[in-house]
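Q: Give me a 3D structure for the following:
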Amino acid sequence: MDIAEDRLCLPDRVYNSLEEVLERKEEILQEVRMTREEFDWRADNYQLGPKESDAYVEMKGLDRFEELCRGERTLG
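A: Down below sits the predicted model:
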């Protein structure tokens, strides 16, 4: 297994559309083998491993970007 396959978090990835963001969020959930609700619950209760924690940080950034794309949030 090479290093890229072992990573759940891809911080150097660039997203050009809302669709790409949504696809990556689904990929993360598949990689961690959890539903979003379980993922959030485990994060809230400090039950994520190191790789899952990195993926959760990426997920939270994607959530923010999704909100910006949908007009639910503004920069600042």
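Q: drop to CA atoms for contacts and neighbour counts, all remaining ones
A: OK.
Q: gap between stretch 52-70 and the chain center?
A: In terms of CA atoms, centre = their mean, to the nearest Å, the centre of stretch 52-70 is set 5 Å apart from its chain centre.
Q: what helix or strand does the residue nearest to the spatial centre of the chain sit in?
A: Among the residues of the chain, the smallest C-alpha distance to the mean C-alpha position (CA atoms, centre = their mean) belongs to residue 59, namely 2.1 Å. Mapping residue 59 onto the secondary structure by DSSP states H and E places it in helix 50-70.
Q: With residue 13 instead?
A: According to DSSP H and E, residue 13 maps onto no helix or strand at all.
Q: For burial, what's the neighbour tally of it?
A: Taking other CA atoms under 10 Å as the criterion, the count of residues near residue 13 is 7.
Q: I'd like the distance between it and residue 72.
A: Counting by CA to CA, to the nearest Å, the gap between residue 13 and residue 72 amounts to 23 Å.
Q: Equivalent analysis for residue 48, please.
A: As it turns out, when the distance is counted by CA to CA, residue 48 lies 28 Å from residue 72.
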